[in-house]
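**Student:** sequence isn't available, so here's the structure alone:
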């Protein structure tokens, strides 16, 4: 399907770049991403406990298999999404993501076996890969180069505040009504709202065309815009893109690891469902809210300082979780605060950094590649957590995460530059 500007913008509608100039569409996309984040937030508190308490799983790796399924599927969908934007309009892909997500809350609520939960997470990964990729790409398209940090900060803030609020709400509902089906069925509202709002979204192909026309330099002839070449360039050949990709992977490895480990770790030390819901909700809430000022700051002081500092703050969060474990609620809250704030520093700065170093002609594929590596971190985190937890225990898993996160911060400091090199 062509993405020509004439197909998506009336002839009498002026196309302008900027947050203020496109505030109505930008705001609508922010609200859409609230629904996107809320749907995945359904799982943050209850699903690991459904595995152990409802289906009787005894292996940590088996419990975390739903996160592996989610992470692999979302990562592959992110990668495909960049290439698909060359064939379909962003709005079409956004709608497709929502349609794929329709069965998810029903499967989580009434799955007769653990395999159904894993299958639901395959659909959820596809849903998140398409819907979240399109909302962030469309916001970047609308605002142009000057405000990318703020744009991505607002996008990710909306999504992750919704993740946290949904995690808190499901923790409360699980305490009151049980692990299933009440906590999961609120997802029907999120899907219905996401579909209804997305129908009103206008495509942004004309904004991409305008930015490309204004770009000071054409893409270099040797820089193919195809997926294969862009994947290699983003994954390794370009130092800054390589640094961003590895930092994104480790950042979401932390999220995938805590998604599975923290509910089990803190319930083992005496916390109830409501307290676990608080810990699991606080992390993405701070992650989300914090991205508004950090996204703005990334436009002012540059991307690299926030990325490097944020990785070290996350490493400190894991240290706090173990150092204070004899007081589990305090340990959970302080570690959630550090992890949330550290991630808030990293998240918008990484997306903005990738956008800075990618020419508009291959930016969608570069973002798709970055998001592939970032979200494969969910699967890597769950796999590492499952193997280490089964072999050495949950505490050793948290120690490994702290060391890996600190190492990633050092690599980011070495590789990432704030000077775009197109």
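**Tutor:** That came through fine. All of these numbers come straight from a predicted model, not from anything done at the bench. Numbering: from 1, shown residues only.

**Student:** C-alpha from now on. contacts and neighbour counts both.
**Tutor:** Noted.

**Student:** figure out how far stretch 63-74 is from the centre of its chain.
**Tutor:** Centre-to-centre, stretch 63-74 and its host chain are 14 Å apart (C-alpha atoms, centre = their mean, to the nearest Å).

**Student:** residues making contact with it?
**Tutor:** The contact list for stretch 63-74, computed with C-alpha atoms under 8 Å, 6 or more residues apart in numbering, reads 48, 51-52, 57, 117-119, 121-129, 256, 260, 372, 375-380, 382-383, 385-386.

**Student:** got a list of what the most centrally placed residue in the chain touches?
**Tutor:** Centroid-nearest residue in the chain: residue 375, 6.9 Å away (criterion: C-alpha atoms, centre = their mean). Counting by C-alpha under 8 Å, 6+ apart, residue 375 touches 71-72, 74-75, 248-249, 252-253.

**Student:** got the phi and psi for it?
**Tutor:** phi -90, psi -10 (degrees, to the nearest 10).

**Student:** if I look at it, how far off is residue 239?
**Tutor:** Separation of residue 375 from residue 239 (C-alpha to C-alpha, to the nearest Å) stands at 20 Å.

**Student:** same deal with residue 260?
**Tutor:** 32 Å.

**Student:** just want to know which of the two has more residues nearby.
**Tutor:** Using other C-alpha atoms under 10 Å, the more surrounded residue of residue 260 and residue 239 is residue 260, with 26 against 19.

**Student:** contact partners for that one?
**Tutor:** 48, 63-64, 67, 382, 385 are the contacts of residue 260 under C-alpha under 8 Å, 6+ apart.

**Student:** just send these back as a markdown table, with distance to residue 313, neighbour count and secondary structure too.
**Tutor:** Converted to a markdown table, these look like this (distance: C-alpha to C-alpha, whole Å; neighbours: other C-alpha atoms under 10 Å; DSSP: H, G, I helix; E, B strand; the rest coil):
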| residue | distance to residue 313 | neighbour count | secondary structure |
| --- | --- | --- | --- |
| 48 | 26 | 25 | helix |
| 63 | 28 | 25 | helix |
| 64 | 25 | 27 | coil |
| 67 | 24 | 29 | helix |
| 382 | 21 | 31 | helix |
| 385 | 20 | 31 | helix |
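
**Student:** just give me the closest of those residues to residue 81.
**Tutor:** Using C-alpha to C-alpha, residue 67 is the member of the contacts of residue 260 that sits closest to residue 81, with 20.4 Å.

**Student:** returning to that earlier point: which of the contacts of residue 375 are buried? Put it as a PyMOL command.
**Tutor:** Entered in PyMOL, the line below selects the buried ones among those, by 16 or more other C-alpha atoms under 10 Å:
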select buried, resi 71+72+74+75+248+249+252+253
